[in-house]
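Student: Please work out how this folds:
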Amino acid sequence: MSPPRRPHGPRSSNASGNPPGGPGTGKPSRPRAFDGKRGWKGGEPPAPGERAPGKPPVAPRQARPGSRPEFQRPEFPRQEFHRGESGPPTRRDSASPSAGRGRPDSPRPDRREEDRAPANTLWLHGLHAVAAALLNPRRRLRRLLLTADAEAALKERLPEGTFAARKLQPERVEDRARFHTFLPEDSVHQGAALLAEPLPQVALDDALKASDGPVLLLDQVTDPRNVGAILRAAAAFGAAAVVVQDRHAPPETGALARAASGALEIVPMVREVNLSRAIRHLQDGGAWVLGLAGEAGRTLAEAKPTDRRVGLVLGAEGGGLRRLQRETCDELVRLPITEAMESLNVASAAAVALYELRRA
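Tutor: Down below sits the predicted model:
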């Protein structure tokens, strides 16, 4: 049987509205309780430094005679992070808005809005790349920025009236640091930059009709500098085209064109979705396709044909040719190098192989 309930009714309180008890009432003060969530309950709020019941009050901290003053955190200037066109974010202090990208004592040139590359355009830089683009009627041009020295050098290389024929008026650049506002910091621009549109795509059959030279096929070679160097070797030894896989090849950029040294405007860069299908297409057209592999039995000089077109497949450094490409090639061949080196750079291997094919 449960105990009887306590009768309800208003609690007795003094005139001040405080709980019963305390000074002047003749009754002992009601003890205060401390709730961690709601604070002190009952009575007046605790004095400064007082803690919950059962815990001694905390005295304010005083400095000892001869002690060091209390450490205060200094206020540093707010820092902002800016991301350039290429490379990791760089830090710039708000206290010095002219601070450079890695050194606060090197002012960063102001970026001009008109120097930004619009959509579907790229900045070509370097005298060879710019001169070749000016001579390529397939290349659509937008703007040309030149220093005085670069303009004089281009006029010596190009036929007279090239600027007028391309309807392009060079813009004079007095401060060379302006190029680094829209080009990578490590770019060797030589005082020349050309804003242009990417080259139109070329079909493999059109490239084969234009030249009877060998065809290079790159199996997942992704470094733009390697691809540019391969294009340069292909132009030097009369290759008909350089075929790359669309999803595993670098896009057309200023760095690739700079490494190609003008060859991007000479040798078609054909993009195919399926590289093994492109190999079979060459074979159906009568070409003999050879794949470079270090473990092959015969050398390129021993296996190269002299009565038909040659397709040469090169794999990426490290992985080499993939299995499907190996099985699709007519034969695997190697370059005779000494045992001191395991392999060659893919661009160097392409140049040596093209020289061997040309020597026939």
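Student: All the helices of the chain, in order from the start?
Tutor: For the chain, the helices defined by DSSP state H occupy 127-135, 148-157, 162-165, 204-210, 224-236, 254-260, 275-284, 300-303, 323-328, 346-359.
Student: what's the nearest residue to Gln325 once chain neighbours are set aside in contact with, if anything?
Tutor: Nearest non-adjacent residue to Gln325, counting by CB to CB, 6 or more residues apart in numbering: Asp219, 5.2 Å away. (Glycine included, C-beta is placed from N, CA and C.) Residues in contact with Asp219, defined by CB atoms under 8 Å, 6 or more residues apart in numbering, are 245, 275, 313-316, 321-322, 325.
Student: what do you get for Val242?
Tutor: 215-216, 218, 227, 230-231, 234, 267-270.
Student: 6 Å - rerun?
Tutor: Applying CB atoms under 6 Å, 6 or more residues apart in numbering, we find Val242 in contact with 216, 231, 234, 267, 269.
Student: returning to that earlier point: which stretch among the helices of the chain is buried most, on average?
Tutor: Ranked by mean neighbour count, these are led by helix 254-260 with a mean of 25 (mean count of other CB atoms under 10 Å).
Student: Could you chop the chain up by domain?
Tutor: Per automatic domain parsing, the structural domains of the chain span 119-196, 204-359.
Student: hmm, back to that, can you lay out the helices of the chain as a markdown table showing distance to Thr181 and mean pLDDT?
Tutor: Shown next, in a markdown table, are the helices of the chain (distance: least, CB to CB, whole Å; pLDDT from 0 to 100):
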| stretch | distance to Thr181 | mean pLDDT |
| --- | --- | --- |
| helix 127-135 | 18 | 94 |
| helix 148-157 | 17 | 92 |
| helix 162-165 | 24 | 90 |
| helix 204-210 | 37 | 95 |
| helix 224-236 | 21 | 95 |
| helix 254-260 | 14 | 92 |
| helix 275-284 | 38 | 95 |
| helix 300-303 | 46 | 93 |
| helix 323-328 | 42 | 93 |
| helix 346-359 | 31 | 94 |
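Student: mind putting the ones you listed in JSON lines, distance to Arg176 included?
Tutor: Listed next are the helices of the chain as JSON lines, based on distance: least, CB to CB, whole Å:
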{"stretch": "helix 127-135", "distance to Arg176": "14"}
{"stretch": "helix 148-157", "distance to Arg176": "10"}
{"stretch": "helix 162-165", "distance to Arg176": "21"}
{"stretch": "helix 204-210", "distance to Arg176": "38"}
{"stretch": "helix 224-236", "distance to Arg176": "23"}
{"stretch": "helix 254-260", "distance to Arg176": "16"}
{"stretch": "helix 275-284", "distance to Arg176": "42"}
{"stretch": "helix 300-303", "distance to Arg176": "45"}
{"stretch": "helix 323-328", "distance to Arg176": "45"}
{"stretch": "helix 346-359", "distance to Arg176": "29"}
